[in-house]
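> Structure for this input, please:
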Amino acid sequence: MLTAGLLAGFGTIAGAQPPRPVDQLTLGAPGEVTAIVDGDTLMLADGREVRLVGIQAPKLPLGRAGFKPWPLAEEAKALLAALTLGKTVTPGFGGRRGDRHGRVLAHLFDAEGRWIQGAILEAGLARVYSFDDNRRLIAEMLAVERRARDARRGIWALDYYALRSADQAGRWLGGFELVEGRVLSVGLVRRRAYLNFGADWRSDFTVALDPAARRLFEAEGIDLKDYEGRLLRVRGWLKSRNGPMIEATHPEQIELLEE
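The predicted structure is shown next:
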């Protein structure tokens, strides 16, 4: 059950009218929302299952044995229901339109033009979760996420979703994390680039970029060598490969922090 405080907060935030950058997208056929799957997925009356692109709400088990719900997962689902259930929404596309599960990948707007992704991020009940083939509006979503994090709304008040330091990244293997640290060196090994956050690349936190990712960075005018000595925030799934590592596939996964 939602606490009264959270419910009151949702009403305030949902009415705050976050950015509505609908003109940057190609609009699809509207549909009525008939069911909420979780905090970032819903069903339309015509049978379309829509995954809200660009965000990751706290996860529910959804039939997965042994899977423990992430904190605030039910609250995120309730917010998406409050925003959309029984209402007509319009999908907007700025990249790949479907996934291997048959879901539609879209931004959503209600009849008043409210950007649903923006409202959820503003409430602090999702993180930006982007892909190299669906990059439209990531910068706008990062800005909304930053406001919620600075205000410690929703997930940002919990240690479970806290920013991780690069020197402690090994404690969080297997999770989707936001890791902050200073790049000590940038290397190139067999066409793969590595941002090294520690002196020992065999055990310290590293960000890896394959040739395709390097080309995307170059297309944006980003020279990876310029990251040397800079303080970064990197988001992605932490895996173990010569120490903790995140694979960066597109520039928006890496934020240059002001110093």
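> Low-confidence stretches in the stretch 151-259 of the chain?
Counting by pLDDT under 70, the stretch 151-259 of the chain contains low-confidence residues at 259.
> Spell out, range by range, the helices that occur in it.
Listed in chain order, the helices of the stretch 151-259 of the chain (DSSP state H, counting those that start in this stretch) span residues 211-219.
> for it, what spans make up the strands?
164-165, 176-182, 185-189, 192-196, 206-209, 231-237, 239-240, 244-247, 254-256 (DSSP state E, counting those that start in this stretch).
> Out of the ones you listed, which is the most enclosed?
strand 206-209 (a mean of 24; mean count of other C-beta atoms under 10 Å). C-beta here means a position set from N, CA and C on the backbone, and glycine is covered the same way.
> quick one: contacts of it?
Defining contact as C-beta atoms under 8 Å, 6 or more residues apart in numbering, one finds that strand 206-209 is touched by 192-197, 217, 224, 234, 241-249, 254.
> Give me the phi and psi for residue 37.
Main-chain torsions, residue 37, degrees, to the nearest 10: phi -80, psi -50.
> Spit out the contact partners of it.
Residue 37 neighbours (C-beta under 8 Å, 6+ apart): 43, 49, 62, 77.
> what's the answer for residue 205, then?
166, 167, 169, 170, 179, 181, 197, 198, 243, 244, 245.
> Looking at these, which two lie furthest apart in space?
The largest separation in the contacts of residue 205, counting by C-beta to C-beta, is between 167 and 245 at 14.2 Å.
> shouldn't residue 192 be in contact with residue 224?
No. Using C-beta atoms under 8 Å, residue 192 is not in contact with residue 224, being 11.1 Å away.
> Residue 34: neighbour count?
Neighbourhood size, residue 34 [other C-beta atoms under 10 Å]: 13.
> Run through the helices of the stretch 1-150 of the chain in chain order.
Assigned by DSSP H, counting those that start in this stretch, the stretch 1-150 of the chain shows helices spanning 4-14, 73-84, 116-122, 138-150.
> right, and these - which one's nearest residue 93?
Judged by C-beta to C-beta, the one of the helices of the stretch 1-150 of the chain that comes nearest to residue 93 is helix 116-122, at 13.0 Å.
> Counting by contacts, list what that closest one packs against.
Using 3 or more C-beta pairs under 8 Å, 6 or more residues apart in numbering; DSSP states H and E as the contact criterion, the elements in contact with helix 116-122 are helix 4-14, strand 49-52, strand 54-56, helix 73-84, strand 104-110, helix 138-150.
> and if we set it to 7 Å?
Contacts defined by 3 or more C-beta pairs under 7 Å, 6 or more residues apart in numbering; DSSP states H and E place helix 116-122 against helix 4-14, strand 54-56, helix 73-84, strand 104-110, helix 138-150.
> so which of these gets nearest residue 92?
Comparing the helices and strands packed on helix 116-122 by C-beta to C-beta, strand 104-110 comes nearest, at 4.2 Å.
> Contacts only, for residue 247.
208, 236 (C-beta atoms under 7 Å, 6 or more residues apart in numbering).
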